[in-house]
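*Asks:* The following block contains a protein sequence and its predicted model.
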Amino acid sequence: MKDINKNRLFLASCVALVVTAMTFALRAGIMEELNVDFGFNDTQLGWMNSMAFYGFPVAMIIGGLIYPKVGPKPILWVAFICHLLGLVLTIIAKSFVPLLVSTFFVGLANGAVEAACNPLIADMYTKDRTTMLNRFHVWFPGGIVIGALLGQFLGNLGWSWQLQIAIMIIPTLIYGYLILGQKFPKAENIESDLGMNIKSMFSPLFIFMLICMGLTATTELGTGQFIERLLGEAGAPPLIILAIVTGLMAVGRYFAGPIIHKLNPIGVLLISSIIATLALFLLSQATGGMVYVAAILFSLGVMYFWPTMVGFVSEYTHKTGALGMSIIGGFGMLITGVSLPMIGRMLDTERADALESGVSEQAADLVAGQATLGNIMWLPVILIVLFGILFAMRNKLEEKRITHD
């Protein structure tokens with residue numbers, strides 16, 4: 001790897017992930033404008049957002065399959081092209097179906113970023129994979145902070161949602177420049193036997209982690225995508241809440257190394273589930289200033305979920321290779337995509353029930369948001385049980401991991 005500029009490739013990966021995260025934050029921030037401009041209800045908004053989560057696993061699966069043969073470079077270029085295409089199509093969209101298509105392209109781009117960069121980083125930093133993956137994934141919450149604050153600022157200036165989307169073209173061009181002309185590593189330090197990768201994904205541990213990934217991803221991302229609709233009437237600006245939550249996540253992930261080494265990934269996942277459960281319970285009850293307290297707790301609960309799950313698969317089911325890392329992330333996004341219309345439907349149903357009971361429209365929005373958050377809370381409750389089982393097996397799993405190392 002002497003001719004490979006690791007720092008530049010890592011920077012390019014981080015900027016690409018910033019773009020991915022900004023698509024989540026700014027899309028979450030323009031939900032109300034889309035509701036007004038197009039008359040979409042929450043179920044329709046859920047279907048629109050779910051397209052990004054469906055595009056993501058498609059790119060992850062294809063990327064994981066071809067990564068051992070082609071390496072990260074062409075996959076990252078596909079991400080760049082799909083980001084530009086998806087953003088432009090979103091800006092010029094005039095109705096529901098074009099928005100579905102453009103959002104799907106953005107999802108493809110986001111998935112291609114993860115399919116290329118996760119194994120790229122694992123390949124470049126073989127001695128500290130989980131720590132470096134956490135540092136890479138700093139820029140998912142970091143990008144959401146940038147996108148949320150930018151959305152709040154531009155919205156206050158009166159910029160249209162189309163211009164807010166257009167601003168993401170700038171960092172897209174930056175990461176395109178950073179990968180231009182660079183030499184990329186081949187799949188040298190991760191298991192690249194495709195037959196072995198596929199066979200290993202049928203192991204009980206990997207299947208178990210797939211189930212857990214669907215729940216962790218929906219807990220984090222499902223809540224984040226509906227943050228404006230869930231907390232819009234709770235007495236705190238939803239995009240500011242999103243910025244606080246994800247800002248803390250970024251800091252936590254950057255300093256994840258000592259925590260992961262002390263508790264090991266299994267301990268981190270179990271404790272995270274407990275905190276996320278408590279946080280969602282508080283969010284389902286809180287109004288005014290307590291929303292900030294509950295949101296900070298929620299950040300602490302979900303900050304390590306995604307990168308630790310990917311790092312766990314890389315370390316404890318290493319024979320699944322780049323494909324395993326892609327499949328675990330893609331499955332998390334797929335399940336989140338399935339859940340978004342369900343979350344939207346819950347909001348619509350709870351709001352309709354509240355209005356029928358005679359409360360005002362504003363109060364109905366608050367009741368619907370709190371009730372829906374209470375329902376989402378059961379996902380990390382299930383995770384406490386699942387990660388508790390994993391924690392009971394930790395010594396045996398650690399022995400197998402050390403034997404591989």
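*Replies:* That came in fine, so what should we check first?
*Asks:* mind showing which ranges of the stretch 301-405 of the chain have poor pLDDT?
*Replies:* 401-405 (pLDDT under 70).
*Asks:* Can you list the residue ranges for helices in it?
*Replies:* 305-316, 321-356, 361-376, 378-392, 394-404 (DSSP state H, counting those that start in this stretch).
*Asks:* Give me the helices and strands touching the fourth one, please.
*Replies:* Right, helix 378-392. helix 204-217, helix 256-283 (3 or more Cβ pairs under 8 Å, 6 or more residues apart in numbering; DSSP states H and E). For every residue, glycine as well, the C-beta is placed using N, CA and C.
*Asks:* Ok, the third one next?
*Replies:* Using 3+ Cβ pairs under 8 Å, 6+ apart as the contact criterion, the elements in contact with helix 361-376 are helix 227-231, helix 256-283, helix 321-356.
*Asks:* Can you give me the neighbour number for Leu355?
*Replies:* If you count neighbours by other Cβ atoms under 10 Å, Leu355 ends up with 16.
*Asks:* Lys6: what's its closest spatial neighbour, skipping adjacent residues?
*Replies:* Met124 (5.3 Å; Cβ to Cβ, 6 or more residues apart in numbering).
*Asks:* repeat for Ile92
*Replies:* Nearest non-adjacent residue to Ile92, counting by Cβ to Cβ, 6+ apart: Pro98, 7.7 Å away.
*Asks:* any idea how far Gly330 is from the one you found?
*Replies:* 25 Å (Cβ to Cβ, to the nearest Å).
*Asks:* Comparing these two, which shows the higher neighbour count?
*Replies:* Between Pro98 and Gly330, counted using other Cβ under 10 Å, the more crowded position is Gly330 (25 against 13).
*Asks:* OK, contacts around the more buried one?
*Replies:* Phe56, Pro57, Val58, Ala59, Met60, Ile61, Gly64, Gly111, Ala115 (Cβ atoms under 8 Å, 6 or more residues apart in numbering).
*Asks:* what's the answer for Met196, then?
*Replies:* Lys319, Gly321.
*Asks:* Likewise for the one 3 residues further on?
*Replies:* By Cβ under 8 Å, 6+ apart, Lys199 lies in contact with Lys319.
*Asks:* That one: which element?
*Replies:* helix 194-200 (DSSP states H and E).
*Asks:* Now that helix: buried residues?
*Replies:* Leu194, Asn197, Ser200 (16 or more other Cβ atoms under 10 Å).
*Asks:* rewinding a little: how much space separates the residue nearest to Lys6 from Asn118?
*Replies:* Where Asn118 is concerned, Met124 sits at a distance of 11 Å (Cβ to Cβ).
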